[in-house]
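A.B. asks: predicted model and sequence below, questions to follow.
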Amino acid sequence: MQYVRLMSQSAKTSRSAAAPEATESAAGSRAAAQRLKMRRELATAAMELFATKGYEATTVDEIAAAAGVARRTFFRHFRSKEEAIFPDHDDTLTRAEAVLDAAPVDEHPLDTVCRGIKEVMRMYAASPAVSVERYRLTREVPTLREREIASVARYERLFTRYLLAHFDERDHHDGNDDPLLAEVAASAVVTAHNHVLRRWLRAGGQGDVERQLDHAFGIVRQTFGSGIGAGRGHGGRTGAAEPSEVSGGAEPRAAGTPAARIATHADVLVTVARTDAPLDEVMRTIEDALRNR
C-alpha cells in the first residue's frame, strides 16, 4: 500500500510539473494567434486604403488609424507599409519548414518539398478575395511586386537547401550534376506553384487550386524525380548517390520500355521494376495487374 501511495504522489508531482508547461504553451499559442489576427487586420486596412487612395498617397498613420491602433503598434508588426500587405509569409515559411523537418525518412525529398510549398498555396486559398486583390495591387505597384518576389525567393532558398542536404558537399565537383539538379528542381517546384497560383488568381480565385497544383507537381516529379535524393531511402543516409543506387548501373530506360513487369503465382503478385522507373508508372502497373486478376 505504501508503494501505491508513493507512486500516486509521484504521478501527482509529474502532473503538477507539467501543468505550468501546458499553461505556457497555451499562452504562447494565444499570443501567436492574436499577433496574426492583428497583422491581418492591418493588412486589410492597408489594402483598402491602397485601393481607394493609391499606394503612394497612403501613409502608415492612416493604415494604423483605419485598423484602430496606434502608429507604434503598426511598427511592432511591420517595418514598412509595403510589408503590411503580406502578413502571412513569415508564418507560412515556418509551417513549410516544419513540413520539411518532420518528413518521413522514406519519402522522396521532392515529394516533401511539394508538400511544403502547399502550405503557401493554402495561405492564398484561405482568403480568395483578399488574395485576388493583393495580386491586382502587386501588378500595379512595382514596390509591392518587388516585395512579393523577395518573399518567393525565401521559399526557393528553403527548398533548395533542403534538396541540397541530400548530397555530400564534398562531392560538388565537375562531372557531378546532383547539386545542379537540386537547385533546378527547387526552382521548378516554386515555378510550378507560381504558375498555378497566377492562373487561379486571374480566374478570380475560382476552381480547385490544390488539384491543379497536384497536376503541376506530377509533371515536376516525373521530370526531375528519378535522379534526385536517391540516397535518402538507405537507412536515412544523406550524400551523393552512387550510380547503382540511381539506376543499377544500367543504361537509362529506353522509350516504350515498361516501367515494371508483373508475374503472378497463386495469390502472390511479384513486381520487378527498374530503379530509374517513375514511381507513379510502377504503381499504375501494379494497380492494373491487381484489377485484372
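C.D. replies: Happy to help now that I have it.
A.B. asks: secondary structure element for the nearest residue to Glu133 once chain neighbours are set aside?
C.D. replies: In space, Glu133 comes closest to Met47 once its chain neighbours are excluded; the distance is 5.8 Å by C-beta to C-beta, 6 or more residues apart in numbering. In short, each C-beta sits where N, CA and C put it, glycine included. Met47 belongs to helix 2-53 when assigned by DSSP states H and E.
A.B. asks: packing partners of the helix or strand that that helix is followed by?
C.D. replies: Using DSSP H and E, the helix or strand that follows helix 2-53 in sequence is helix 60-67. Applying 3 or more C-beta pairs under 8 Å, 6 or more residues apart in numbering; DSSP states H and E, we find helix 60-67 packed against helix 2-53, helix 71-77.
A.B. asks: least confident of those helices, on average?
C.D. replies: Note on the helices and strands packed on helix 60-67: helix 2-53 shows the lowest mean pLDDT, a mean of 68.
A.B. asks: three-state assignment of Leu204?
C.D. replies: One thing to correct before we go on: residue 204 is Gly, not Leu. Following DSSP: H, G, I helix; E, B strand; the rest coil, we place Gly204 in the coil state.
A.B. asks: for it, what are phi and psi?
C.D. replies: The phi/psi pair for Gly204 (degrees, to the nearest 10) reads phi 80, psi 20.
A.B. asks: what sits up against stretch 186-194?
C.D. replies: Counting contacts by C-beta atoms under 8 Å, 6 or more residues apart in numbering, the residues outside stretch 186-194 that touch it are 110, 113-114, 117, 120-121, 152, 155-156, 159-160, 162-163, 213, 216-217, 219-220, 223-224.
A.B. asks: can you list the buried residues in it?
C.D. replies: Under the neighbour-count criterion of 16 or more other C-beta atoms under 10 Å, stretch 186-194 has Ala186, Ala188, Val189, Val190, Ala192, His193, Asn194 buried.
A.B. asks: swap in stretch 149-161?
C.D. replies: Ser151, Val152, Tyr155, Glu156, Leu158, Phe159, Thr160.
A.B. asks: distance of Ala186 from Asp91?
C.D. replies: For Ala186, the distance to Asp91 equals 21 Å [C-beta to C-beta, to the nearest Å].
A.B. asks: got CSV for the buried residues of stretch 186-194, with pLDDT too?
C.D. replies: Below are the buried residues of stretch 186-194 laid out as CSV (pLDDT from 0 to 100):
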residue, pLDDT
Ala186, 83
Ala188, 88
Val189, 87
Val190, 86
Ala192, 91
His193, 91
Asn194, 89
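A.B. asks: before we move on, the earlier item: how much space between the residue nearest to Glu133 and Val132?
C.D. replies: According to C-beta to C-beta, Met47 stands 11 Å off from Val132.
A.B. asks: cool, and Glu62?
C.D. replies: Distance of Glu62 to Val132, computed by C-beta to C-beta: 23 Å.
A.B. asks: of those two, which one has the most company?
C.D. replies: The neighbour comparison of Glu62 against Val132 (other C-beta atoms under 10 Å) goes to Val132, with 18 against 15.
A.B. asks: with adjacent residues omitted, what lies nearest to that one?
C.D. replies: In space, and not counting its chain neighbours, Val132 is closest to Gly205: 4.9 Å by C-beta to C-beta, 6+ apart.
A.B. asks: got a list of what that neighbour touches?
C.D. replies: By C-beta under 8 Å, 6+ apart, the residues touching Gly205 are Ala125, Pro128, Ala129, Ser131, Val132.
A.B. asks: quick check on the closest residue in space to the second one that isn't next to it in sequence: phi, psi?
C.D. replies: To tie it back to what came earlier, the one meant is Pro128. Leaving aside its chain neighbours, Pro128 sits nearest to Gly205 (3.0 Å; criterion: C-beta to C-beta, 6+ apart). Backbone torsions of Gly205, given as degrees, to the nearest 10, read phi 80, psi 30.
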